[in-house]
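Colleague: Sharing a sequence plus its predicted fold:
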Amino acid sequence: MSLSRREFLQVLAAASAAGFVLPGCEKGEPPKPAGGEAQPSDPYELPPYGNVSFLHFTDCHAQLLPLYFREPSINIGVGDAWGRPPHVVGQAFLKHYGIQPGSREAYAFTYLDFVEAARQYGKVGGFAHLASLVKRVRAQRPHSLLLDSGDTWQGSATALWTRGKDMVGATNQLGVDIMTGHWEFTYPEEEVIENLKAFQGEFVAQNVFVKEEASFDYRFADFPDFNEDSLRAFKPYTLRELNGIPVAIIGQAFPYTPIANPDYLIPDWTFGIRDGEMQKMVDEVRGKGAQVVIVLSHNGMDVDLKMASRVTGIDAILGGHTHDAMPGPSLVKNAGGQTLVINSGSNGKFLSVLDFDVRDGKVRGHRFKMLPVFSNLIEPDQEMQAYIDQVRAPYRDKLGEALAVTDSLLYRRGNFNGTFDQLILNAMLEVRGADIALSPGFRWGVSLLPGDTITMDALMTQTAITYPKSTLTEMSGELLKNIMEDIADNLYHVDPYLQQGGDMVRVGGMRYAIDPTKGYGERITDMELNGKPIEAGKTYLVAGWASVNPQPDDLPDIWDVVATYLRDKKTITIDQVNIPVIRGVDGNPGIGT
């Protein structure tokens, strides 16, 4: 059967977007007919291309073991982000990237038929499996760097109990060359500095500064990367030579760390997007001869897309924070040319490989592939597995405590709620005796299939933070409305630079409606409790956790609240998830069906 030119171009676009490169279709070369060649049977067969390569992962959240992780069914984009990656889910996602429904890739990248697909294709990630894949890809690409966009030291019980040290050791074992951060800063400054001294790669962040009044502190005098002249806490960038080609990696830590997380843990550091400073850094490294410029970012994908449109001279942004697994890069045009924007998912599920063909001092072509880490297709690296067993051994009994069994799929991820979030809300309502429960819109935490045991290990993947106190507060209806509006504005502001990248606060007990397309103060309506409208002047008892303000030590930790609930229930069934009525988004491909 012959293809028309239009049909051929559609096939070509779909294959390129999905990360598959048809023969002769690398950027910078004229397209050629594919000739009917079959895709390789080995999903990890990735022939080298070009002469400079970057391997990238992000947001592993301290998950050392293989896991299940369900991707979101709701990820709404507003304004210019409507229908644009990362704000496509489900069938719209498969169509956009040309992925076959029911395939292993559809399981990795979407929520569709998740339980059935998970049972068929198995767990993903695991640092021992990731290590094997990294070694395989790097053996073909000795001219490569392994980059980590952060959220590495937080997300598990052992990371919390070792203060991130287990993950520092794991990334050293993995061979991470360069990283930046976010949740790394939710340990106190002294612990951050101690961990960075133990990290064998380089930590870069052009947008983190030490406050002037703290610059004479002994901690920073002993901190090797602190620059007394610029007051930057870390190196803004690093210059490397790969295959004889000078490359620069510029770091961009999460810009809103002291707002989204407790500032009292890091009182002496300031953050921010600082795209003007980023432009200066790009110009500086170009002036020093860099022929390839990479930004290693924890901005979140929408912020990365805007930065790529404003800052010139960046070849690619390898980003994280919003956990978006995008099998194809977004190409952003700017006044100086164009920039690739890549986000590599979360939880150790993916390894991205970006190859550049650099000739005559410029990038002439590229090839990109995001590799899902299917743990049943990859033999675990024995050295990494031995390390994992070693660091988990002291906590084995505590981690393995069986709290309950779930009859339902438990997951977190999505703009409004997940079944594991609902479990946490139900626990707070019952154990704390609250009218309403609020749980933060965190995006990390393993998924559990029906019939799985809920262990303390699994619970801690949802709750392991350094500020875990469960609060009980009297709030007026007016204050509740303002809190909901503030969080909705953070999620749905049309300017990405005014977004902080989390999901909407999860709500238990109270019902409400939201219109993401409205402006501040107009998004949240129809707030109800037990069928009655929330009254502005009435007081309600609200349970919460993860307050960014200091809390008394005698408050219970959230994992103890939920563990108490689970031990009592023994079997968990989540029949209903409290998702708001969503208005103004008909036809939005960020809402799954």
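Modeller: Looks like it came in fine. Numbering: from 1, shown residues only.
Colleague: Strands of the stretch 251-400 of the chain, start to end?
Modeller: Assignment of strands within the stretch 251-400 of the chain using DSSP state E, counting those that start in this stretch yields the ranges 269-270, 292-297, 316-319, 330-334, 337-343, 350-359, 362-372.
Colleague: ok, the third one: who's next to it in the sheet?
Modeller: Read it as strand 316-319. Here strand 316-319 is paired, per DSSP bridges, with strand 292-297 (parallel), strand 337-343 (parallel).
Colleague: Please dump those into TSV; it should also carry mean neighbour count and mean pLDDT for every row.
Modeller: (C-beta placed from N, C-alpha, C; glycine too.) Formatted as TSV, those follow (neighbours: other CB atoms under 10 Å; pLDDT from 0 to 100):
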stretch	mean neighbour count	mean pLDDT
strand 292-297	27	98
strand 337-343	23	97
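Colleague: okay, the strands of the stretch 251-400 of the chain in CSV with distance to residue 184 next?
Modeller: As requested, those are arranged in CSV below (distance: least, CB to CB, whole Å):
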stretch, distance to residue 184
strand 269-270, 12
strand 292-297, 13
strand 316-319, 16
strand 330-334, 26
strand 337-343, 18
strand 350-359, 20
strand 362-372, 24
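Colleague: Go through these and name the closest to residue 129.
Modeller: Evaluated over the strands of the stretch 251-400 of the chain, closeness to residue 129 peaks at strand 350-359, with 10.0 Å, by CB to CB.
Colleague: Restrict the closest one to CA atoms and write it as PDB.
Modeller: Only the C-alpha atoms of strand 350-359 are listed here, as PDB (Å, rounded to 0.1, in the frame of the first residue of the first chain):
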ATOM      1  CA  PHE A 350      12.600   6.500  33.000                       C
ATOM      2  CA  LEU A 351      16.100   7.200  31.700                       C
ATOM      3  CA  SER A 352      16.300   9.800  28.900                       C
ATOM      4  CA  VAL A 353      19.100   9.700  26.300                       C
ATOM      5  CA  LEU A 354      19.800  12.800  24.300                       C
ATOM      6  CA  ASP A 355      22.500  12.600  21.600                       C
ATOM      7  CA  PHE A 356      23.900  15.600  19.800                       C
ATOM      8  CA  ASP A 357      25.800  15.700  16.500                       C
ATOM      9  CA  VAL A 358      28.200  18.700  17.100                       C
ATOM     10  CA  ARG A 359      30.200  19.900  14.100                       C
END
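Colleague: Report the distance from it to the chain centre.
Modeller: 20 Å (CA atoms, centre = their mean, to the nearest Å).
Colleague: helices and strands around it, which ones?
Modeller: The contact analysis (3 or more CB pairs under 8 Å, 6 or more residues apart in numbering; DSSP states H and E) places strand 350-359 against strand 52-57, helix 127-140, strand 316-319, strand 337-343, strand 362-372.
Colleague: Just the buried residues of it, please?
Modeller: When burial is assessed from 16 or more other CB atoms under 10 Å, strand 350-359 yields the following buried residues: 350, 351, 352, 353, 354, 355, 356, 357, 358.
Colleague: Ok, stretch 46-65 next?
Modeller: By neighbour count with 16+ other CB under 10 Å, stretch 46-65 contains the buried residues 46, 49-65.
Colleague: quick revisit: the strands paired with strand 316-319 into CSV, with extra columns for distance to residue 166?
Modeller: Shown next, in CSV, are those (distance: least, CB to CB, whole Å):
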stretch, distance to residue 166
strand 292-297, 22
strand 337-343, 25
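Colleague: which stretches of the stretch 1-150 of the chain have low pLDDT?
Modeller: Low-confidence segments of the stretch 1-150 of the chain (pLDDT under 70): 1-40.
Colleague: any idea where the helices of it begin and end?
Modeller: Using DSSP state H, counting those that start in this stretch, the helices of the stretch 1-150 of the chain run over 5-17, 90-97, 104-109, 114-121, 127-140.
Colleague: how about the second one: buried residues?
Modeller: It refers to helix 90-97. By 16+ other CB under 10 Å, the buried positions in helix 90-97 come out as 90, 92, 93, 94, 96, 97.
Colleague: from memory residue 365 sits against residue 356, does it?
Modeller: Yes. At 7.4 Å, residue 365 counts as touching residue 356 under the criterion of CB atoms under 8 Å.
Colleague: what's the overlap in contacts for those two?
Modeller: Taking CB atoms under 8 Å, 6 or more residues apart in numbering as the criterion, residue 365 and residue 356 both touch residue 50.
Colleague: from memory residue 351 sits against residue 55, does it?
Modeller: Yes. Counting by CB under 8 Å, residue 351 touches residue 55, with 6.1 Å between them.
Colleague: how far away is residue 69 from residue 410?
Modeller: Applying CB to CB, to the nearest Å, the value for residue 69 to residue 410 is 11 Å.
Colleague: Common neighbours of the two, please.
Modeller: Common contacts of residue 69 and residue 410, defined by CB under 8 Å, 6+ apart, comprise residue 447.
Colleague: So which residues make contact with stretch 530-547?
Modeller: Contacts of stretch 530-547 (CB under 8 Å, 6+ apart): 428-429, 432-440, 442, 463, 465, 467-478, 480-481, 510, 526-529, 558, 561.
Colleague: Cross-reference those residues with the helices and report the matches.
Modeller: Per DSSP state H, helices hold the following members of the contacts of stretch 530-547: 428, 429, 432, 463, 477, 478, 480, 481, 558, 561.
Colleague: so which of those residues comes closest to residue 169?
Modeller: Checking these against residue 169 by CB to CB gives residue 463 as the nearest, at 23.0 Å.
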